[in-house]
Every structure is written in structure tokens, then in C-alpha cells.
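Visitor: predicted coordinates and the sequence they were generated for:
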Amino acid sequence: MLTQTTTRVLEPSDLGAALAILESEPVANAFVTSRVQVAGLDPWRLGGEMWGWYADGRLRSLCYSGANLVPICATPEAVRAFADRARRGGRRCSSIVGPAEPTSQLWRLLEPGWGPAREVRANQPLMVTEHPSADIAPDPLVRRIRKEEMDIVLPACVAMFTEEVGISPMAGDGGLLYQARVAELIGSGRSFARIEDGKVVFKAEIGAATSLACQIQGVWVAPEHRGRGLSETGMAAVLGYALADVAPIVSLYVNDYNTPARKAYARVGFRETGAFMSVLF
């Protein structure tokens, strides 16, 4: 039996069908779902295009194409179609990121034309929990950041990003987009930190949030305070806020080689349920 397939850029009228795909895997798709729920499918508001792959007239898979290229619920045939479209348009993204299997397939198809990558992180365990830790007491000094504390938190955010990604977020546009993102998280009550003597000791953000799931990101402890267990107690505090105020499922993903972080998150109550992959340019 022949199957008719096609790929096209989705339009605002496709929002319901796109959300049905996104919400079928609420944890893995939290990042893109949160953006679509706020901005819809208009490329200007969304910050990129949403590609849809159809089989026999039905929407089956998605791919977000913006600052990141993100395959979503993508079958192998859909990945091939998305790779063809991405090749024709040329690389505009700074990374490819998503569930490990389709992201790996997408990169294999794109690498001959888009490579080499600056770094490939092939296995980033996806960790999830629905319950606060019974073993790690939350740090009572970790709290929501206020808008007027932006100047205190921003240096820690820049240090975390530079340490994690390998380049400064202040490059290029002078950090305007990054500062806007930090301000957005603070303004929405999703930025948390422990501050001592005017400096950030621990910080983390709830970077993506839907009614079904949210994702913690940007976990960072000041170098001079590492080794004191602050990542565990701090994460326990942020987890408590997330479960109480944001969503019933909390997730994060971490580099597989970061054994201390994986152990710390496990002690806080997270369990590994899958894997992401990131290709950085």
C-alpha cells in the first residue's frame, strides 16, 4: 500500500492539530509546547517556523525550525523529509536538539552539508519526577528572584551559560536577546536563587512550563561554594516551587558525562526516563 506524504510550514489554523501532537509527549516536548501555547504558529511571534509532516492527509510529526532545530514526535520518514527541507534552506540554527533517536538520525543526514559541529552531545539523560524529595531538605534561602535583582542574577546566568555551552551569550548582539530571556524568566516568577552578600551562590530556572510538565534549566553553583551539597538542597527547593505552582511533572536533561550532577539529581528524586541529544554549532 502506498502512503501519500507531504511536508509544509504550519499556519495559525493548524494550531489545534499541532498541540495534539505536542501534548502527546508532554515531558519531551515541554520546551516547544510552552512556546507554541504562548505564541501560536505565526513564525514572527514563534521565533521560527513549525514544519508539519503529513501521511495520508493527517499530521503525524513536527519540527521546530528557529534558533534551534527540534524534531518532535518524528518518525524516521518524517526525519528524512525534515532533513531535506533543512538542507534546502541552509543552516540558520545554532543547535539541533531533541530526543536522542530522531535527533541522531537528523544529524546523520545533515552532517555532510552542515558539519562539522562545534560539539555533539549524543547522550543527555532525560530525568523526571512527580514528587518532592523525601531525603533532601530544600534550602530555605532559595527563593524567587525579584525584577530589581536582575543585575545581581545576570552575571551568574552568563557564567552558567558560558561554562555549559562553551561560548558567552553576550557575544554577537551584545547579549540583548539573552538578557531579555533572563528578564522574561524573572518577570514570570520562574527564576530562583540563593543570594549571599549580594552575590548568587546557587541558581536555577524553570525554563519551559506548560500545565502538564515543566523543565528546570540553568542549574549553577558558584565555584567557590561547590562541594557543599548546595546543588541538591537548592534543586529540592526549586522542585518544590515547580510542583506546587507550575506543573505536576518536572523534568531536566543533563550531560551523560556529568556524573556528579546526575547523582545529585537522583538524590533529589529524579529518575532517568530517556535521553536527549544536542548538536552545537
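Guide: Yep, that arrived. For clarity, every value in this text was computed on a predicted model and none was experimentally measured.
Visitor: low pLDDT regions in the stretch 1-150 of the chain?
Guide: Along the stretch 1-150 of the chain, segments meeting pLDDT under 70 span 1-3.
Visitor: quick one, strands of it?
Guide: Assigned strands in the stretch 1-150 of the chain, in chain order: 5-9, 49-55, 58-65, 68-72, 95-99, 119-129, 143-144 (criterion: DSSP state E, counting those that start in this stretch).
Visitor: nearest to residue 171, out of the ones you listed?
Guide: strand 95-99 (14.9 Å; C-beta to C-beta). For the C-beta atoms, the positions are set from N, CA and C on the backbone; glycine is no exception.
Visitor: which strands and helices sit next to the closest one?
Guide: Contacts defined by 3 or more C-beta pairs under 8 Å, 6 or more residues apart in numbering; DSSP states H and E place strand 95-99 against strand 68-72, helix 100-114, strand 271-280.
Visitor: re earlier: tell me which of the strands of the stretch 1-150 of the chain is the most buried.
Guide: Comparing those by mean neighbour count (mean count of other C-beta atoms under 10 Å), strand 68-72 ranks first with a mean of 25.
Visitor: for residue 208, which of the helices and strands packed on strand 95-99 is the nearest?
Guide: Closest approach to residue 208 among those (C-beta to C-beta): strand 68-72, 11.6 Å.
Visitor: any residues touching that closest one, and which ones?
Guide: For strand 68-72, contacts defined as C-beta atoms under 8 Å, 6 or more residues apart in numbering pick out 21-22, 25, 29, 31-32, 61-64, 78-79, 82, 86, 93-99, 102-103, 106.
Visitor: in the sheet, which strands lie alongside it, parallel or antiparallel?
Guide: Strand 68-72 sits in its sheet next to strand 58-65 (antiparallel), strand 95-99 (parallel), going by DSSP bridges.
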